[in-house]
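**Q** model the structure of this input:
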Amino acid sequence: MATLAIGSIALQAPQKAEALSPDLPFSADALPTWQTNGTVWQVAISHGKAVVGGTFTQIRPGAGQSGSARDLQSLAILNAATGEPDGCQLPVSFGSSAASVYAVKASPDGDTVFIGGQFTSVGGVSVNRLAEINVQTCTVLPFRVSGISSYVLEIEPSATAVYFGGVFQTVAGQTRRSFAKVDRAGALQTAFVANASGATQDLYSTTIVPGKNARGDALQLSPDGTRLAIGGDWFDVNGSATHSFAVVDSTTGAVLRTWPASTVGPTSRTKTISSDGTRFYVAQEGFNGYDGALAYNWSDYSQAWRDNCAGATQTIVPYQGLLIEAHHHHDCSAQGMYPDGRRIYLTMTHATDPLQTHIGWVPELNDGTGEGIGPRTIAVGTGTDATPYLWVGGEFTRVNGASQQGLTRFNSTDTGAPPAPTIAARAITPGAVQVNIRGVYDPDDSDLTYAVYRGTDTTTPVWTGVAESKHWYRYQATFVDANVTPGTTYSYRVRAIDRANNQSGLSAAATATASSTGSAYASTVIADQPRLFYRYDDTASAQWVVDSAGQTVVGLNGLAQNGVTRTATGAISGDPSGSATFSDTQASGLPQYIWNDVIANGPTVYSVETWFRTTSTTGGALVNYGSSNGRPRTDDGTDRLSTTVDRVVYMENGTGFLRFGVRAGAGTTTLRSTAALNNGQWHHVVATQGPGGMRLYVDGALQSQNSTTGNATYYGTWHVGGDSLSGYPSTGNAQTNRYFDGQLDETAVYYRALSAQQALNHYRVGTGYVDTTAPSVPQGVAAAFDGANVDVSWSAASDDIGVAGYRVYRGTTAGFTPAADTLRATVTTTTFEDVAPAPGTYYYKVIAFDGAGNASAASAASGAATVVDVAAPSVPAGVTATANGLAADVSWTASTDNVGVTGYALYRGQNADFAPSADTLIQPSIAGTAYHDAPLSEGTWYYKVTARDAAGNVSGASSAASVTTVAPDTAAPSVPTGLTATVDAGNNVGLSWSASTDNVGVTGYLVYRGTTPGFTADDASRIGNTTGTTFTDSARPQGTWYYAVAATDAASNVSGASATAAATVSGPAAPPTTQTIVTSADTMAAAVNPTFAYGTTNQLSSRFNTAIESFLRFDLPAAPPGQVLTSATISLRTSTDPTAGSADTHEFRLVTGAWDEATLTWNNRPTAAGPTVLGQLAGATAVNTAYTATLSAADLAPLAGSSITLRLASTAGSDNVRLWSREATVAGFQPTLTLVYTTP
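**A** Residues are numbered from 1 along each chain as shown. Next comes the predicted model:
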C-alpha cells in the first residue's frame, strides 16, 4: 500500500512512464487500411503481403486513403506495410454462387500461402476448395486435392504435409469426416484417419445426436510434429468419446488424448488452437456455454490455466510471450476484471499469467454484421519495411469510433493522447493542500503519469506520479503540497502523459487556500492511515467522490450514482465539508449509492467508519463490500445489486437498530447495536474485524463483539449508501429495504482494525471535543551517521486523541532552538533519514503534534552525529589522448562529488590493463581536466585518471586511453623521375612519371608549369596536385609548355622538382557539343493487364516478377560535323508513389518495331530487342528522386539522325521501379537523353 508522505514529495525523483504498456508490442491506434464489404475469416502474412480470406465482393479504401472501390471476390492481397492493395490479386469464384475463403495459412517457411473454403477457381485457375498460392510470383501452384466433398474451414501445413479441417465427409473418394491429411502435392495420405462425428441437435441444445456430421475448425501441430491437436464441434473421434478438442497422432490419426464434454460443456465448440512451443491454447465459443480459453502443456496435457471470461473467444495468437486474443468478452468478473456489460473485442495477456489479467490494450471495435461476432482472426507479420504489423479481420464495421469494415491493423506507433483528468484541491490538514486527481485511462497504457502544476507555471510540474489505470480499474492519484503558506490561495492544474509521451490537455484549475489549522477531525482520521476516506466536501464533479485518505497513486475514489448530493450540512460541527444525502423516494425511482471502480479481493482485516443521520424506518446498507457485478452496467448504465455482500454495516428494516455483518462459512454473522439510531441525530459507527474478532462501536462506545475472524473471499468494490442485503437478518426484499434513506458523512475504511481508543477519539473529535492537550515529548531521540546519511529515530509520543505527526529539527549545537529555518521534515513515523548532509557535526530534536495543532515541547537533543565525507568522486569518464609529435594531450570529463572534486591524478603505463601506482604516477595534482605530457619517446602509451576530494577520497581509475607517439618526420621524398608530356586531339597535355619513395610514405605530388625550360617550380607556378603518378592539363592554348613535378609526404616535406618535360600544342582545342533530347513518346505495358493500354499515364514502370516493361522513343539529331559521340546519359526521376523506389537492377536495350503511345499493350509491344544491354538503372531506392544511367555511346553513335526506342525491363527481383513519364506536370521530371560529341 502506498502511504501519505507529508513534506517529502519534493525530494522524490519524478517518475515517468515508458513507451506503451510493459511488454506491449502494438499500440491501439489503428493504421489506414483498405476494407471489405463483408466478413473476413482469416489473414496470413507472406513476404510483406497480407493475404485476406473471407466472404466479400469488394475492397475499398479506408479512412485517409485514396483510390476507388475494387470488385474482388473473397480473397484480397494487401501490402502489409501500407494497407493498400498489392499488384497481385487472385480472386476466387464458385461458379454462379458466392465463393468464400474460410482458411488462410502460410507455409512454415512463409514462401507460399494455403487457402481453403468454398470455391472452384483461384485467379482464373481451376482448383477445388483447397489451393496453394505464391504471392511473390502471383501464381496458383500445382498443389491439388481431389474430391473434397464440402468446404474447408482450417489448414495446418508442415514442411511435408498439409492437414485440413472442415465440414466435408469424404476426400479423394475415401471417408474423411471433418479432418484429412495430404502431402505437399495434394495426394491423400491414407494412413491418417481422424474421423470426427456427433453433434447437438442445434447450437443451444444439450442433446447429443451420435454420428451426426460434425465440423473441424482448429488444427495445431506439436513442436516436434508428431502430434496434432484438433478442435471443432463433435463428440467422437475414431470411436473415442471426446468433445470439442483432442490430440491425435500426426501420422496415423490415432487418438492420444481426449477431453470429456464436461470440460467445456456440450454447447461450447473450439474455434482455434495455437501454440507457443511449450503449451497449446484452445479458444472456445459457447452457445449459453463456455466462452473462454484454456492452456495445456504439450509435455503431459495438464491444464496450465483456464480463462473464464464470457464472450465467444475466436482466436489466440502467441507473440513475444503474450497472447493476443480476438473475442467479444463482456463479463470477466470471474477473473477479477470487468463485470457484465460493455464488450471488449481485442486483448493481450501474458501467456504464463494464471489469472490471465488483461494488460492495458483496448482497441475499440463493434459487433458488426453477420453473426455479430466482431473480430474473427488475428495475424502478426513483418511488412516490407521490416516493421511488425498486427492485422485483425472479422465482421466489425467500426474501429476506434470510425467507420472501418472487416479489416484493420496496428503497429507500435502510439499517437493517441490520454484525455484530460479532473482535479480537486482542498486544505484538509494544517499547513498543506491536498490535490486529488480522478484517474483517466488510455487504450494502450496500463498506467499513466500525472503531472501537477502550481500557479501560472504549466511547464515544470511540482509533482509527478504514475498510477495504474484500466477501463475497469481506475485509481485516484493524490499530491499533498506541504510547501504552502497559510492564508495564501494556490491554483493547480494537471495533465496525463502516456508512455509514448503523448500528453493530454491541461485540466481546469482547482484552487485552495492553505490553512494553519485545517480540519481537526480529518487530520485525526488521516493520521490513522485510512485506505479510503470520503468527506463529501468536493464539488468538482457531480459523480466523482474524492478520496481524501492521501494514498499517493492508489486512491479509491467513489462514483455517486443517480443524483447523490453532497451539499447538506455535515456531521462535524464547524467543519465546512458537507455530507452525502441518499433518498429511496426520489422521482426517478432509481437507487442512490456510491461505488468504487477498483476491483480487488476484499481485505480480511479492516475497519469501516461513518457518521449517519436518518429518521427512516426502511433501513438499508450504509457501507459494504459488494461483488464486482454490483455496479452500473458498462453498456447501458443499468443499476445492479451485488451477488455477494460482506463486511456490511446496515440498518434494520423497521427498527432503526444498526448491524455489522460478515459471511463466515455457510451463513452470515452479525453484531447489533443496543438501541435504535434512526432518531434524526448524527451518530458515529466504527465496525472492525481482525485477529481478535468483530467489534461494533457506536458513538465511541462498544456495542457488541464476537470472535469471528473469517469473511468471504471474492472480487469486489466498496459501496456506500446501499446494496443487496440478501441473507442478512432483519432486512426486507424491496429496494427501499436495501438502500439507505438519510445522510452519511466522513466515511472511511481502514485495512487494519482500529482500537477502542481510536474509535472513541474519532467520536470525541467529531463531536466538538476541544483538544488542548499536547502530545507527550518524544523520548529516546538518537542520530547516527551510516556513511552517507544520518538516521534519526525516537520513541512514539502519546496523546489523549492521537499523535498526527512529528517535526524534525537539526542544529549544530546541542542547545539549538527549533525554528522554521532548522526544520528538516514533517513525518508521520518515528524515523527520519537526513539524506547526504554536508560534512559536520549535527544535533536533532523532535516535536510531536496532534490533529488539533497542539505541539509538544522539543525533545532533548540527540547525541552528536558527525558527518564525514566518505564518498569518493565519480570515476573520470571520456578520457582521450591525442599525439602531438613526441608529446600527448590528455583530457577527460569532470567527475562529480557529494562535496566537491579538488583535483585529479594522471597515470601512464605501457599496456591497457596497467595498475595505477606510485611507479606509474606522472602528475599527482591537476586542477583542470586536461594535461600536456611531454617529452615522450616513440611508442604506445596508456593513460588513466583518478579524481579526489578534500577529504582525501579517491575515485576508481578511469578506463585507459591510448596514444602512439612518433618522432617528427623531417626527411623529404625522393625527386620524381621519368616525367613525360603528351598532347591529345583535344589539346589536353597528359603527364606521367615514376613514383617517388619516402621513409614514411609519399602522400602526393605537386605539378608545376612554366614557359621556359628553366622556370622556377614554386607556389606561383604550381597548377595542381594529385595522389597518383599522372596528371592532365586540359585544353591548353597553342604554344610550348614546360612541366615539373615534386613529391610530398604526410609531414609536408617536399622533394626537389623533377627534370622538366616539354609539350607543344599546335592549335586551339575544339569545344565539345552537347545535345539534350526529351522523349517524344513513352508508355508502359503490364503482363497482368495484357490488353490494357496505359497511354498517356504520367508514370513508367519496370518489374521482373509479374512483369512490367516501359518504352521510350527519342529522336536523335545528326552528329555535329567533324565530331563523334563519346558520351550518352539518360536522366529519370522516381515518382511520388510510396512504392516507386526499387532495389532491383533494370536494363535498357534497343528494340525495333512500330508502336504508338496511345495503343501499346503487353500483347502488341515491340519484342525485337537488341543483344546488347545499353545501360542499367540500379539503386533507385528513394521516392521522387533524380537518377541517371550511362548508355553505350558506341552503340548509339551509328543511329544519329534517326528515331530510336529504348525498352526498360528487369531480369530478376520482385519489386518495381516507378518513374515520371513525359506527361509529368513538372517539366524537369521527364525522361531526358544527353549526348556529348567531341573532336577526334
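
**Q** poorly predicted segments of the stretch 701-850 of the chain, please.
**A** Applying pLDDT under 70 to the stretch 701-850 of the chain flags no residue at all.

**Q** hang on, I meant the stretch 1051-1200 of the chain
**A** In the stretch 1051-1200 of the chain, residues with pLDDT under 70: 1067-1070.

**Q** show me where the stretch 1101-1240 of the chain has its strands.
**A** Counting by DSSP state E, counting those that start in this stretch, the stretch 1101-1240 of the chain has strands at residues 1108-1115, 1124-1133, 1146-1152, 1168-1169, 1175-1177, 1186-1191, 1203-1210, 1217-1220, 1232-1238.

**Q** can you redo those strands as a markdown table with mean neighbour count?
**A** The C-beta positions use only the backbone N, C-alpha and C, and glycine is treated the same way. Formatted as a markdown table, the strands of the stretch 1101-1240 of the chain follow (neighbours: other Cβ atoms under 10 Å):
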| stretch | mean neighbour count |
| --- | --- |
| strand 1108-1115 | 22 |
| strand 1124-1133 | 19 |
| strand 1146-1152 | 19 |
| strand 1168-1169 | 14 |
| strand 1175-1177 | 19 |
| strand 1186-1191 | 16 |
| strand 1203-1210 | 20 |
| strand 1217-1220 | 26 |
| strand 1232-1238 | 19 |
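
**Q** among those strands, which comes closest to Asn601?
**A** strand 1217-1220 (60.9 Å; Cβ to Cβ).

**Q** which neighbouring elements make contact with the closest one?
**A** Identification of packing neighbours for strand 1217-1220 by 3 or more Cβ pairs under 8 Å, 6 or more residues apart in numbering; DSSP states H and E yields strand 1099-1102, strand 1124-1133.

**Q** try it again with 10 Å
**A** strand 1081-1086, strand 1099-1102, strand 1108-1115, strand 1124-1133, strand 1186-1191, strand 1203-1210 (3 or more Cβ pairs under 10 Å, 6 or more residues apart in numbering; DSSP states H and E).

**Q** ok, the shortest one: who's next to it in the sheet?
**A** Taking DSSP bridges as the criterion, strand 1099-1102 pairs within the sheet with strand 1217-1220 (antiparallel).

**Q** tally up the residues packed near the residue lying closest to Asp597 once chain neighbours are set aside, please.
**A** Among residues not flanking Asp597 along the chain, Arg474 sits closest, at 5.3 Å (Cβ to Cβ, 6 or more residues apart in numbering). Around Arg474 there are 20 other residues, counting by other Cβ atoms under 10 Å.

**Q** give the contact list for Arg474.
**A** The contact partners of Arg474, by Cβ atoms under 10 Å, 6 or more residues apart in numbering, come to 438-441, 467-468, 555-557, 559, 596-598.

**Q** swap the cut-off to 8 Å and go again
**A** Arg438, Gly439, Val440, Tyr441, Asp597, Val598 (Cβ atoms under 8 Å, 6 or more residues apart in numbering).

**Q** with Gly654 instead?
**A** Per Cβ under 8 Å, 6+ apart, neighbours of Gly654: Thr617, Thr618, Gly619, Ser730.

**Q** filter these to the buried ones?
**A** Among the contacts of Gly654, those buried by neighbour count (16 or more other Cβ atoms under 10 Å) are Thr618, Gly619, Ser730.

**Q** can you give me the strands in the stretch 501-650 of the chain?
**A** 510-513, 532-534, 544-545, 558-561, 565-569, 578-582, 593-596, 600-601, 606-613, 620-627, 645-651.

**Q** CA atoms of the helix ranked longest in the chain as CSV?
**A** Identified as the longest helix of the chain according to DSSP state H is helix 756-766. As requested, the backbone C-alpha atoms of helix 756-766 are provided in CSV (Å, rounded to 0.1, in the frame of the first residue of the first chain):
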residue,chain,number,x,y,z
ALA,A,756,-11.4,1.1,21.0
GLN,A,757,-9.4,4.2,22.0
GLN,A,758,-9.1,5.3,18.3
ALA,A,759,-12.9,4.8,17.8
LEU,A,760,-13.5,6.9,20.9
ASN,A,761,-11.0,9.6,19.8
HIS,A,762,-12.6,9.9,16.4
TYR,A,763,-16.1,10.3,18.1
ARG,A,764,-14.8,12.9,20.6
VAL,A,765,-13.1,15.0,17.9
GLY,A,766,-16.1,14.8,15.7
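
**Q** pull up the pairing partners for the next helix or strand after that helix, direction included.
**A** Using DSSP states H and E, the helix or strand that follows helix 756-766 towards the C-terminus is strand 779-785. Strand pairing for strand 779-785, using DSSP bridges, gives strand 790-795 (antiparallel).

**Q** which parts of the partner strand are buried?
**A** So for strand 790-795, counting by 16+ other Cβ under 10 Å, buried means Val790, Val792, Ser793, Trp794.

**Q** including distance to Val145, could these go into TSV?
**A** As requested, the buried residues of strand 790-795 are exported to TSV (distance: Cβ to Cβ, whole Å):
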residue	distance to Val145
Val790	81
Val792	82
Ser793	80
Trp794	84
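
**Q** which of these sits closest to Pro837?
**A** Nearest to Pro837 among the buried residues of strand 790-795 is Val790, at 6.0 Å by Cβ to Cβ.

**Q** which residue packs closest to the closest one, ignoring adjacent ones?
**A** Nearest non-adjacent residue to Val790 (Cβ to Cβ, 6+ apart): Asp834, at 4.1 Å.

**Q** can you pull the phi and psi angles for that neighbour?
**A** Dihedral angles of Asp834 (phi, psi; degrees, to the nearest 10) stand at phi -90, psi 110.

**Q** wait, doesn't it sit right on Ala788?
**A** No: look at Asp834 against Ala788 with Cβ atoms under 8 Å: they stay out of range, at 10.4 Å.

**Q** so for these two, which residue has more residues nearby?
**A** Neighbours per residue (other Cβ under 10 Å) separate Asp834 from Ala788, with Asp834 holding more: 19 against 13.

**Q** now that one: how far from Ala784?
**A** When distance is defined by Cβ to Cβ, to the nearest Å, Asp834 is 11 Å away from Ala784.

**Q** go on, Gly978?
**A** 88 Å.

**Q** just grab the bridge partners of Thr1152 for me.
**A** With DSSP bridges as the rule, Thr1152 is bridged to Ala1168.

**Q** for it, give me its contacts.
**A** Contacts of Thr1152 by Cβ under 8 Å, 6+ apart are Pro1166, Ala1168, Gly1170, Thr1205.

**Q** how about Ser46?
**A** Going by Cβ under 8 Å, 6+ apart, Ser46 touches Ala106, Gly110, Asp111, Thr112, Val113, Val135, Gln136, Gly381.

**Q** now it, which residues is it bridged with?
**A** Assigned bridge partners for Ser46, using DSSP bridges, are Lys49.

**Q** and it, how far from Leu991?
**A** Counting by Cβ to Cβ, the gap from Ser46 to Leu991 is 60 Å.

**Q** Ser100 too?
**A** 79 Å.

**Q** phi, psi of Val167?
**A** Dihedral angles for Val167 - degrees, to the nearest 10 - are phi -110, psi 10.

**Q** and it, how many neighbours?
**A** 20.

**Q** how close does it sit to Asp1215?
**A** 40 Å.

**Q** next: Asp969.
**A** Plainly put, Asp969 is 53 Å away from Asp1215 if you go by Cβ to Cβ.

**Q** still on that earlier bit, mind putting the strands of the stretch 501-650 of the chain in CSV, distance to Thr902, mean pLDDT and mean neighbour count included?
**A** Output for these, formatted as CSV (distance: least, Cβ to Cβ, whole Å; pLDDT from 0 to 100; neighbours: other Cβ atoms under 10 Å):
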stretch, distance to Thr902, mean pLDDT, mean neighbour count
strand 510-513, 48, 96, 17
strand 532-534, 52, 98, 26
strand 544-545, 56, 96, 22
strand 558-561, 58, 95, 23
strand 565-569, 62, 92, 16
strand 578-582, 62, 95, 25
strand 593-596, 57, 96, 26
strand 600-601, 55, 95, 14
strand 606-613, 57, 99, 24
strand 620-627, 62, 97, 28
strand 645-651, 63, 97, 26
